[in-house]
Structure formats: C-alpha cells, structure tokens
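Undergrad: coords below, sequence missing:
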Ligand SMILES: Cc1cn([C@H]2C[C@H](O)[C@@H](COP(=O)(O)OP(=O)(O)OP(=O)(O)O)O2)c(=O)[nH]c1=O
C-alpha cells in the first residue's frame, strides 16, 4: 500500500490524525503562504494545494499526501497568524462578542501504481462565537503565548476555550484538520485511511 504523508509542521494536525488512528509520517515544506484569491474557500484551498505541491515531487513510489491550511474570517476578511502582540490584540478585540468563520482547505494527493495521480481539493467551514472580552482578558490571554502560531490569534483547544460561547460545525476543523470530512471524502473515492 502507499504511505500516508502529512505535509504539515502543525502539532495540532499531527495529534488529530494520530487520535483518529491513521498511520502516517510527516514531511514539512517551507512554502510561502501567499494567495491572490479573494473568496475564503478559494484562499484556503489554494494555500493547502501549495503545501502538497511542495513535497509531491520529492516522492518515489506510491503515496497519499494530506495538507491543510486554516484561516479565520471575520466579515469576509482573513485573519492569519498574528505577527506580534499588537496584531494579536487587534485580532482578539475584533473577534470579541462576535461570530466568525473558520475555514480549513485540504488537499489529498494520491499516487497509486497503475492508476495515475489523483488530487482532491476541498474545504470545511465552522462558525465560532466568542464571548465579549475585556482588554484585561485579552492581555492576559496574549501573555500565555498561545496566540502566536494560531490563525486568528487563539487556540480553541487551549486556554481560549473559556471564552468560546459556542460553535457550529466540525470542532477539529477549527483546530486545523477536519478529519471527519477528510475521512468521508476519501471513502467516496474508495479509500479508507484507517485500513491502510
Ligand atoms: C483557529 C485555530 C487555529 N489553530 C492553528 C491550526 C494551524 O496550525 C494554525 C493555522 O496555520 P496554518 O498556516 O494553517 O498551519 P501551520 O503553519 O501551523 O502548519 P503547516 O503550514 O505546516 O501545515 O492555527 C489552532 O491550533 N487552534 C484554533 O483554534
């Protein structure tokens, strides 16, 4: 069978895939995450695709590469990872007391002998509602150091959990990898990643 490769340096994505019981290895690319696209779904799908492309040519033999990109969208505008404390403060202030969307784009690149190459590109959307935050709460949260490698400057799975009013959609999509959607999309192709 082919080897399953997670093209991501995100510890969260690794954990979600491990928890699901998938056997895989990690290969990380240093892709510049730039897209000209305007629509949330198009943006995250293109960014995920770039990450898969970056490691595809390095492979020999059969493979199934999973890559993903997560962005937070508030009123249609993307929030990526904050550059510094001020940036994190601005993002968290914007998210305070409101609902926003989290999109994760996913690419699954498959090479199977005798079948040629196949590429699946899709996305998952979740909605997150954040409680109203005081400036002191925002500063305390920034002081935990958690915001800096997270889209939208927060980790729902971490210390920001106390500020989450509610979510709609797939939880793991917010953390960075919509494992249920990935599993479903691959089953449609006749691939069961739990049985590889
Ligand atoms: C919204 C949110 C995002 N995140 C994380 C998931 C992603 O790791 C990160 C978004 O950055 P990404 O650019 O999607 O991913 P990455 O740079 O961490 O890893 P790689 O490109 O190698 O795959 O934000 C959380 O951990 N919790 C959250 O609640």
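TA: In hand now; what should we look at? What you see is a predicted model, and the numbers here were worked out from it, not measured in a lab. Residues are numbered from 1 along each chain as shown.
Undergrad: What average pLDDT does stretch 145-152 get?
TA: Mean pLDDT, stretch 145-152: 97.
Undergrad: What is the end-to-end distance of it?
TA: Terminal residues of stretch 145-152 are spaced 14 Å apart (C-alpha to C-alpha, to the nearest Å).
Undergrad: From the rest of the structure, what touches that stretch?
TA: With C-beta atoms under 8 Å, 6 or more residues apart in numbering as the contact definition, stretch 145-152 has outside contacts at 70-72, 79-82, 88, 91-92, 95, 100, 102, 141, 153-155, 158-160. C-beta coordinates here come from the backbone N, C-alpha and C atoms, glycine included.
Undergrad: Wait, residue 89 touches residue 142, no?
TA: Yes. Applying C-beta atoms under 8 Å as the test, residue 89 and residue 142 come out as touching, 6.3 Å apart.
Undergrad: the more surrounded of the two?
TA: Between residue 89 and residue 142, counting by other C-beta atoms under 10 Å, residue 142 is the more crowded of the two (22 against 18).
Undergrad: Do I have it right that that one meets residue 90?
TA: No. Using C-beta under 8 Å, residue 142 makes no contact with residue 90, being 10.9 Å away.
Undergrad: Go ahead and flag the most central residue of the chain.
TA: residue 176 (3.0 Å; C-alpha atoms, centre = their mean).
Undergrad: Are we agreed that residue 129 is in a strand?
TA: Yes. The assignment for residue 129 is a strand, going by DSSP: H, G, I helix; E, B strand; the rest coil.
Undergrad: Skipping adjacent residues, who's closest to it in space?
TA: residue 165 (4.2 Å; C-beta to C-beta, 6 or more residues apart in numbering).
Undergrad: which neighbours does the helix or strand the one you found falls within have in its sheet, and in what orientation?
TA: Per DSSP states H and E: residue 165 is located in strand 164-168. Strand pairing for strand 164-168, using DSSP bridges, gives strand 116-130 (antiparallel).
Undergrad: same question for the strand it pairs with, mean pLDDT?
TA: For strand 116-130, mean pLDDT rounds to 96.
Undergrad: List the buried residues in the helix or strand following it.
TA: With elements assigned by DSSP H and E, the helix or strand that comes after strand 116-130 is helix 135-143. Counting neighbours by 16 or more other C-beta atoms under 10 Å, one finds that the buried residues in helix 135-143 are 138, 141-142.
Undergrad: what pairs with residue 79 across the strands?
TA: residue 72.
Undergrad: Up against the ligand, what does this protein have?
TA: By the rule C-beta under 6 Å from any ligand atom, the part of the chain lying against the ligand is 8-10, 12-13, 28, 33, 51, 68-70, 72, 81, 102, 149-152, 154-157, 174-176.
Undergrad: Among those residues, which are located in helices?
TA: Among those, the residues falling in helices (DSSP state H) are 12-13, 51, 174-175.
Undergrad: quick revisit: check contacts around the residue nearest to the centre of the chain.
TA: Taking C-beta under 8 Å, 6+ apart, one finds 10, 12-13, 16, 68, 70, 104 in contact with residue 176.
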